[in-house]
Structures are given as C-alpha cells and as structure tokens.
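Peer 1: Sequence and predicted structure are below.
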Amino acid sequence: ISPPATRDLRELVRHRAKLVMMRSSLKAQVHAVVAKRGIAVPFSDLFGVKGTKLLDRLELPETLAARLASQRRLIQTLEVEISQFDRLISDRLRQDPSYAALRTIPGIGPVLAAVLIAEIGDITRLTRAEQLTSWAGLTPRHHESDTKVHRGRITKQGSPLVRWAAVESVQLLPASSRVGRYRDQVADRRGRNIGVIAAARKQLEFVFYAMRDGRVRALAPAA
C-alpha cells in the first residue's frame, strides 16, 4: 500500500486525466457538429484563434447552435479545472528530485512526469529497469513449448496511465534523439506501432534510472 502522500498525488493526477478525457470527448463532439454541416476546417486546431473565429461565425439551425454553444462552454469550464489541477500537482512536486530528473528525458514534460511519479510510487521496490517495463505491461507475452519460443503482443498489465505516458512521450520525438532513433529503426523493420511500443519500453527504462539515481547516465552528453 502506497504512503498517504503518493495516494493523494494519484488522486490529483487521475482526476486531471479524467477531466482531459471529458474535454477530448467534447472537442470530438464539436468536430462532429462541424462535419455534419459539411464545413471544411483548413487548419489543424479547431480550438485555436482561427478555429474560434470560424466557430463564432457559423450559421447553424437552432438545435445545433444550442448544442455547439453548450459544448464550448463546457470545454472552457474544463480548461479552468484542468489548469487548477496543474497548479496543485506542480506545487506538490516542485521540490521532488525525481520530478526534475524525469523532465530532463526528451519527450517527458511536467504532465507526463507527474503521471509517472504518482503511478509508479516508490521506485526502490524495484531492483531492475526490466521489472518496471514488465509491471507497466509493455513487455511481450512469452509462449514456450519444447524447443519453440514465441513472443506475442504486450501484456497490458499494470497501470494504464503509466503505459499511456510512456507511449505518449515517444510519439513525436525527433529522429535525432536516442529513443526517437531507436523507434524509427524498429519501425523500419516491423512497422510504426511496434516501433512506438519498443521505444516506450526503452523510455520507461530511462524513467527507472531517473527516479532511482536522479539522472540518466545513458542520456548524458559524451565527454
């Protein structure tokens, strides 16, 4: 059982994650309203400055207009709530050395670092990085009979949030980074999805060392 401080942090992190899921659902519903009217969106972010102007000038039937206005109000409310929990989490972790160490890993920012610390908890209960990747469900299933060994899909056991954070952290890493290069090498041989999972497993190994040692020697610049 984790200590009270860790359990409290998990409450904050998990509630924030639920708020983000609610916001994502509402944004998808807004996109559905726009698509239903056959309106093209020529930019990537419908909720940025240009997108907001587009939504403001839409001419919709009364029912759709009311639905869209409600969705936008709810999104704004959730934005305020998410920002509030960002501050609460940041205040809790400001003096945590693991929090600072995790943020030195490419791809891991304040949000993902907080998720990893809250969900993993006391890193000293693990002795090897492989134990963390196995606990997070990022290792492949192992089937063995007689002289044949077959490795299947990842187990997906453990914390879904840790698994999500590890995968999310490697999605947009540049090829110039160590993990990004590894992701692309595996992807060239076995496909993008397997490359991302393999990179997430490698990333989680760095997370183990950052939380245990306060730094990742493998990522340090060469002397």
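Peer 2: That came in fine, so what should we check first? Numbering: from 1, shown residues only.
Peer 1: For this structure, give me the ranges with low pLDDT.
Peer 2: Scanning the chain for pLDDT under 70 picks out 141-152, 154-155, 222-223.
Peer 1: In which helix or strand does the spatially most central residue of it reside?
Peer 2: Centroid-nearest residue in the chain, with C-alpha atoms, centre = their mean: residue 165, separated by 3.3 Å. Secondary structure assigned from DSSP states H and E places residue 165 in helix 160-170.
Peer 1: Can you name the element that comes right after that helix?
Peer 2: helix 178-190.
Peer 1: Kindly calculate the angle that that next one makes with helix 160-170.
Peer 2: Interaxial angle, helix 178-190 versus helix 160-170 (axes from the mean of the first three to the mean of the last three C-alpha atoms, to 10 degrees): 90 degrees.
Peer 1: Give me the residues contacting helix 178-190.
Peer 2: For helix 178-190, contacts defined as C-beta atoms under 8 Å, 6 or more residues apart in numbering pick out 106-107, 170, 173-175, 194-196, 198-199, 202-203, 206, 218-219. For glycine as for every other residue, the C-beta is placed from the backbone atoms N, C-alpha and C.
Peer 1: again, 6 Å this time
Peer 2: 170, 173, 174, 175, 195, 198, 199, 202, 203 (C-beta atoms under 6 Å, 6 or more residues apart in numbering).
Peer 1: All the strands of the chain, residue numbers only.
Peer 2: 140-145, 148-154 (DSSP state E).
Peer 1: can you list contacts of stretch 85-94?
Peer 2: When contacts are defined by C-beta under 6 Å, 6+ apart, stretch 85-94 is touched by residues 9, 12, 16, 99, 114.
Peer 1: Help me confirm that residue 121 comes into contact with residue 2.
Peer 2: Yes - using C-beta atoms under 6 Å, residue 121 makes contact with residue 2 at a distance of 4.8 Å.
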